[in-house]
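>>> The following block contains a protein sequence and its predicted model.
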Amino acid sequence: MSRPGKGVEHVDSLEGDATTKARLKAVLETIAGELSVEEACARLSVSPARFHELREEALTAALAALSPKPPGRPAAAAPDPELVALRKKNFDLERELEAAHIRTEIAIVMPHVLQPRPAAQKGGPTPKLGGKKDT
């Protein structure tokens, strides 16, 4: 045998302020036929027109919340093309800076590698890096 349902008492276990819970209970009780619209209006201190608006809002929100959703995680939004371009430019500039630092370190540690040989300055054949002459 199953437990008896709580009815509108389910609202008490939801998060929200007391006024909002009272409104939801009144809406549900009028739908279930346990409370007349006039009694609900008196309980909530609202006009019948305002109560009908509240009921319409509650039912619309409930319908939207219960509508089927596509399965799985929502697709990620497409990245901003400007942001993608800036990230690529930043990446390229970081690589250029790193290469410049490496060239500077080489120039400090091994200055002879980056300076031309005296033969190249006199109009002779330009030597290859590594110090070997062409034969």
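Received, thanks.
>>> At which residues are the helices of this protein located?
Using DSSP state H, the helices of the chain run over 18-32, 37-44, 48-66, 81-109, 111-114, 118-121.
>>> now those in JSON lines, with distance to His10?
Yep, even glycine has a C-beta here, placed from its N, CA and C like the rest. Listed next are these as JSON lines, based on distance: least, CB to CB, whole Å:
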{"stretch": "helix 18-32", "distance to His10": "9"}
{"stretch": "helix 37-44", "distance to His10": "18"}
{"stretch": "helix 48-66", "distance to His10": "13"}
{"stretch": "helix 81-109", "distance to His10": "45"}
{"stretch": "helix 111-114", "distance to His10": "79"}
{"stretch": "helix 118-121", "distance to His10": "90"}
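>>> Least reliable of these by average pLDDT, please.
Note on these: lowest mean pLDDT is at helix 118-121, with a mean of 58.
>>> Domain-wise, how is the protein divided?
The chain breaks down into these domains under automatic domain parsing: 11-66, 81-121.
>>> sorry, back to before: make a markdown table from the helices of the chain and add mean neighbour count to it.
As requested, the helices of the chain are arranged in a markdown table below (neighbours: other CB atoms under 10 Å):
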| stretch | mean neighbour count |
| --- | --- |
| helix 18-32 | 17 |
| helix 37-44 | 15 |
| helix 48-66 | 12 |
| helix 81-109 | 10 |
| helix 111-114 | 9 |
| helix 118-121 | 10 |
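>>> Relative to Gly5, which of those helices is closest?
The closest of the helices of the chain to Gly5 is helix 18-32. By CB to CB, the value is 11.0 Å.
>>> what's that closest one in contact with?
By CB atoms under 8 Å, 6 or more residues apart in numbering, the residues outside helix 18-32 that reach it are 7-8, 11-12, 14, 16, 35-37, 40, 43-44, 51, 54-55, 58-59.
>>> ok, 10 Å please
The contact list for helix 18-32 (CB atoms under 10 Å, 6 or more residues apart in numbering) reads 7-17, 34-44, 46, 51-52, 54-59, 62.
>>> That one versus helix 37-44: what angle between them?
Inter-element angle recorded for helix 18-32 and helix 37-44: 170 degrees (by axes from the mean of the first three to the mean of the last three CA atoms, to 10 degrees).
>>> Going forward, the N-terminal residue is numbered 494.
Shifting the count to begin at 494 puts that one at helix 511-525.
>>> That's all I had, so thanks and see you.
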